[in-house]
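Colleague: below is the structure, and that's it, no one-letter string:
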Ligand SMILES: NC(=O)c1ccc[n+]([C@@H]2O[C@H](COP(=O)([O-])OP(=O)(O)OC[C@H]3O[C@@H](n4cnc5c(N)ncnc54)[C@H](O)[C@@H]3O)[C@@H](O)[C@H]2O)c1
């Protein structure tokens, strides 16, 4: 069974990591996929790999913090594929530090991507989903375990991901009560081995040591891999989840069960 046959899915931050894995799996399950990112070489390569595997995909340059970039990308998606059925708000950045050393500039930069980017994408996806029949759609927001529990070193990241969690519920309720047929859910990954995590560990004491330490934080005994999250994305994108909205899909090897 093809799980998202012919749906049009837009995935942000799709050049690498969870976005790239999600785009690839959506395409494998029959979706026509628009990959967007600011890393154009990696993004083009990711889209090309999908096409070489027999899927349908294009890549577009897109900074999720810019509203006019969202307008351009949604229009380009409509021009190419006729509609938007699925938006995966995946693009994100992560950095940490003590709160008294945080600067407003760094805080605002993180929020502009992790939180404003989700707001802007949600707004413009709803506008497109309302405008182009058939009605409905699925918006999937990448929060984190860091949107559920606190970390002493990740204040701005915690705040952004906690914001994504509750914004998701608000929009899910709005869409349901308006009868729009648009479902909105968040995904909460534990640590997944991606360039984001590798980069963070390199800056904070070493990759090998750090990976072992992260493994032990997850009761299941190891960090996750990108496809663990991509399976969740495909589920929420598909009609298998037609009764699911405002939900938190936790995929964390037991991290937050403790
Ligand atoms: N990897 C994890 O352990 C983990 C855990 C929980 C949540 N998440 C979340 O999942 C999402 C993906 O994380 P990842 O680990 O794959 O990260 P990653 O750094 O490996 O990839 C993120 C992608 O987002 C892109 N990006 C960054 N800023 C952007 C911008 N302004 N506009 C468009 N694209 C931009 C990057 O270029 C990159 O390709 C993020 O929202 C992250 O916070 C990751």
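Modeller: Everything's here; your move. These numbers were taken from a predicted model, which means no experiment stands behind them. Numbering: from 1, shown residues only.

Colleague: switch to C-alpha atoms for all contacts and neighbour counts from now on
Modeller: Noted.

Colleague: stretch 115-125 - what's its average pLDDT?
Modeller: On average, the pLDDT along stretch 115-125 is 99.

Colleague: for stretch 222-242, same thing?
Modeller: What stretch 222-242 shows for mean pLDDT is 98.

Colleague: how far is it from where the chain is centred?
Modeller: The chain centroid and the centroid of stretch 222-242 are separated by 11 Å under C-alpha atoms, centre = their mean, to the nearest Å.

Colleague: also stretch 65-82?
Modeller: Averaging C-alpha positions (C-alpha atoms, centre = their mean) puts stretch 65-82 17 Å from its chain's average.

Colleague: so does it get close to the ligand?
Modeller: Yes. Stretch 65-82 lies within reach of the ligand by C-alpha under 6 Å from any ligand atom, at residue 65.

Colleague: buried sites along that stretch?
Modeller: Buried residues in stretch 65-82, counted by 16 or more other C-alpha atoms under 10 Å: 65, 67, 69-70, 73-75, 77, 81.

Colleague: residues contacting it, please?
Modeller: Here stretch 65-82 makes contact (C-alpha atoms under 8 Å, 6 or more residues apart in numbering) with 8, 10, 32, 34, 60, 62-64, 83-84, 112-113, 116-117, 120-121, 124-125, 128, 132.

Colleague: list only those of those flagged as buried.
Modeller: 8, 10, 32, 34, 60, 62-64, 83-84, 112-113, 116-117, 120-121, 124-125, 128.

Colleague: narrow these to those in strands?
Modeller: When DSSP state E is applied, the buried ones among the contacts of stretch 65-82 are split such that 8, 10, 32, 34, 60 fall in strands.

Colleague: return the member of those nearest to the ligand.
Modeller: Nearest to the ligand out of these is residue 60 (C-alpha to the nearest ligand atom; 10.1 Å).

Colleague: tell me the contacts of that closest one?
Modeller: Neighbouring residues of residue 60 by C-alpha under 8 Å, 6+ apart: 34-37, 40, 43, 73.

Colleague: then residue 233?
Modeller: Residues in contact with residue 233, defined by C-alpha under 8 Å, 6+ apart, are 22, 88, 140, 187.

Colleague: mind redoing it with 6 Å?
Modeller: Applying C-alpha atoms under 6 Å, 6 or more residues apart in numbering, one finds that residue 233 lies in contact with no residue.

Colleague: the ligand versus that one, what's the distance?
Modeller: 11 Å (C-alpha to the nearest ligand atom, to the nearest Å).

Colleague: next, that residue: phi, psi?
Modeller: Here is the backbone geometry of residue 233 (degrees, to the nearest 10): phi -60, psi -50.

Colleague: what about residue 204, neighbour count?
Modeller: Neighbours of residue 204 under the rule other C-alpha atoms under 10 Å: 11.

Colleague: among the contacts of residue 60, name the ones in helices.
Modeller: Among the contacts of residue 60, the ones falling in helices (DSSP state H) are 40, 43, 73.

Colleague: what ranges do the helices span in the stretch 101-250 of the chain?
Modeller: Assigned by DSSP state H, counting those that start in this stretch, the helices in the stretch 101-250 of the chain fall at 104-114, 116-131, 155-177, 195-203, 207-217, 226-237.

Colleague: how distant is stretch 182-202 from the center of its chain?
Modeller: Put simply, stretch 182-202 sits 8 Å off its chain's centre (C-alpha atoms, centre = their mean).

Colleague: which residues are in contact with that stretch?
Modeller: Here stretch 182-202 makes contact (C-alpha under 6 Å, 6+ apart) with 17, 136-145, 168, 172, 175, 207, 210, 223-225, 245-252.

Colleague: and the contacts of residue 60, which is closest to the ligand?
Modeller: For those, the closest approach to the ligand (C-alpha to the nearest ligand atom) belongs to residue 37, at 4.0 Å.
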